[in-house]
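Visitor: here is a sequence together with a model predicted from it:
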Amino acid sequence: MTSDILVDTARTLVGSGRGLLAMDESVPTCNRRFAEAGIPQTGEMRRRYRELLVTTPHLGACISGAILHDETIRQATGDGTPFLQVLAEAGIVPGIKVDTGAKPLALRDGETVTEGLDGLRARLQAYCAMGARFAKWRAVLAIGPHTPTACAIAVNAHALARYAALCQEAGLVPIVEPEVLMTGAHSLARCGEVTGELLSCVFEQIGRQGVQLDGLVLKANMVLPGLDQPPAGQVSAQEVADATLRCLLAIVPPALAGIVFLSGGQSAELASLRLNAINAQSTVPRARIPWTLGFSFARAIQQPALHLWQGFEANTVAAQQVLFHRAACNRAALHGAYDPGLERRRVPPFDLDALIDAPATMQAAQ
Ligand SMILES: O=P(O)(O)OC[C@H]1O[C@](O)(COP(=O)(O)O)[C@@H](O)[C@@H]1O
């Protein structure tokens, strides 16, 4: 019975033509983003910002699930409506980040292992009772001349699989996120190799620990060259799509409920362009791809809105329009309907159909 619930939840998350809004930044990460935008780093400002996100009009047209943080899942809007109720009314499934962060890995200089397994069974039951229907755990691996080591890959994969098994036992769909960072000067090919090694180890552990594949969602990085690659090493959206799909097809089991991509620090527009290419412009035939390929972006959906908001009530509606616009562009990218012209299209606020279908005459002159 539990397995049917898992499959249904996973299908709602990845099979409804919408994507995930990751709004589960830990307190230090959220404060860092606020500091960059000149916003005071207080609990009340974080609550107001998360209120702005969840109350964005018509967000449910583009977003199927929202990943919350422990702080946020307990919060309410200024008029006292719990965020969980606001999300339910918008048709958005609530999820929860349950790892406690990437911590230094003993005897492995500079590498990390994501922690949070102690007491996880009880925390999952509590989140499930609150109304969460899925969870997320992120492992972080950086590419360097001698990293990631086999040890860092193995311990992170083992923890991801243990987390996933505990989630399914509690009736929550696990989102399994093994992230290879964009930082560094590595090539596209090297990112593909490391991503492949990591995913192989993750799925080996998932198999060994009996995790049900059709009740699990993979949150993956796109295969990308490092940020410090010179311009000649940077590649087209189609090359990213091809490298990403070839890597996933070689390793990820077809039975998986779906794959969603993290944005990882790409600009909002590049993330949409590449997601669109993955769904519609790859040389890999669509018929060979067994999964839904969606998004679970944090920065690539939120950053433009956060910078517009700046912490001022007067900017809330404008920031929500920008947030909706990014969510709508990414929804379009799931269907191969995104093109950079959408970025300059002038349409009524919060109007998904107008954005996607607007005739050229409605575009800004820019
Ligand atoms: O605050 P943390 O735990 O470092 O997590 C950072 C963020 O990384 C993500 O996993 C992916 O975010 P991006 O799309 O911005 O890369 C988010 O879900 C999360 O909020």
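Guide: That came through fine.

Visitor: give me every residue that touches Arg307.
Guide: Careful, residue 307 is His and not Arg. By C-beta atoms under 8 Å, 6 or more residues apart in numbering, His307 lies in contact with Ala37. No exception for glycine: its C-beta is placed from N, CA and C like everyone else's.

Visitor: restricting to C-alpha, output the helix or strand where it lies in PDB.
Guide: Element membership for His307 (DSSP states H and E) is helix 299-309. C-alpha atoms of helix 299-309 as PDB (Å, rounded to 0.1, in the frame of the first residue of the first chain):
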ATOM      1  CA  ARG A 299      18.800  30.100  -7.300                       C
ATOM      2  CA  ALA A 300      17.700  29.900 -11.000                       C
ATOM      3  CA  ILE A 301      14.100  30.500  -9.900                       C
ATOM      4  CA  GLN A 302      14.600  32.700  -6.900                       C
ATOM      5  CA  GLN A 303      17.600  35.000  -7.500                       C
ATOM      6  CA  PRO A 304      16.100  37.600  -9.800                       C
ATOM      7  CA  ALA A 305      13.100  37.900  -7.400                       C
ATOM      8  CA  LEU A 306      15.200  38.100  -4.300                       C
ATOM      9  CA  HIS A 307      17.300  40.900  -5.800                       C
ATOM     10  CA  LEU A 308      14.200  42.800  -6.800                       C
ATOM     11  CA  TRP A 309      12.600  42.400  -3.400                       C
END
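
Visitor: you'd agree Val284 is in a strand?
Guide: No - counting by DSSP: H, G, I helix; E, B strand; the rest coil, Val284 is located in no strand; its state is coil.

Visitor: Ile321 contacts Val347, doesn't it?
Guide: Quick fix: residue 321 reads Gln, not Ile. No - when contacts are counted by C-beta atoms under 8 Å, Gln321 is not listed as touching Val347 (10.4 Å).

Visitor: how about the residues of the stretch 151-300 of the chain that lie near the ligand?
Guide: 177, 262-264, 297-300 (C-beta under 6 Å from any ligand atom).

Visitor: and for the closest residue in space to Pro254 that isn't next to it in sequence, the neighbour number?
Guide: Spatial nearest neighbour of Pro254, excluding adjacent residues (C-beta to C-beta, 6 or more residues apart in numbering): Pro290 at 3.7 Å. If you count neighbours by other C-beta atoms under 10 Å, Pro290 ends up with 14.

Visitor: so Pro290 sits in a strand?
Guide: No - counting by three-state DSSP, Pro290 is located in no strand; its state is coil.

Visitor: just the pLDDT for it.
Guide: Pro290 carries a pLDDT value of 96.

Visitor: now it: how far from the ligand?
Guide: 24 Å (C-beta to the nearest ligand atom, to the nearest Å).

Visitor: do a quick rundown of the strands in the stretch 151-300 of the chain.
Guide: Secondary structure of the stretch 151-300 of the chain, counting by DSSP state E, counting those that start in this stretch: strands at 173-180, 217-220, 258-261, 292-297.

Visitor: the most centrally placed residue in the chain: what's it in contact with?
Guide: Taking C-alpha atoms, centre = their mean, the centroid of the chain lies closest to Ser296, which sits 2.4 Å from it. Ser296 makes contacts with 19-22, 67, 175, 219, 260-262, as judged by C-beta under 8 Å, 6+ apart.

Visitor: once you drop chain neighbours, what's closest to Ile278?
Guide: Excluding its sequence neighbours, the residue lying closest to Ile278 (C-beta to C-beta, 6+ apart) is Ala241, at 4.4 Å.

Visitor: ok, that neighbour - how many residues close by?
Guide: The number of residues near Ala241, taken as other C-beta under 10 Å, comes to 25.

Visitor: distance of it relative to the ligand?
Guide: 18 Å.

Visitor: likewise for Leu256?
Guide: In terms of C-beta to the nearest ligand atom, Leu256 sits 18 Å off from the ligand.

Visitor: one step back: in JSON lines, list the residues of the stretch 151-300 of the chain next to the ligand along with pLDDT and neighbour count.
Guide: Compiled in JSON lines, these are given as follows (pLDDT from 0 to 100; neighbours: other C-beta atoms under 10 Å):
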{"residue": "Glu177", "pLDDT": "99", "neighbour count": "25"}
{"residue": "Leu262", "pLDDT": "98", "neighbour count": "22"}
{"residue": "Ser263", "pLDDT": "98", "neighbour count": "26"}
{"residue": "Gly264", "pLDDT": "98", "neighbour count": "19"}
{"residue": "Phe297", "pLDDT": "98", "neighbour count": "26"}
{"residue": "Ala298", "pLDDT": "98", "neighbour count": "20"}
{"residue": "Arg299", "pLDDT": "98", "neighbour count": "20"}
{"residue": "Ala300", "pLDDT": "98", "neighbour count": "27"}
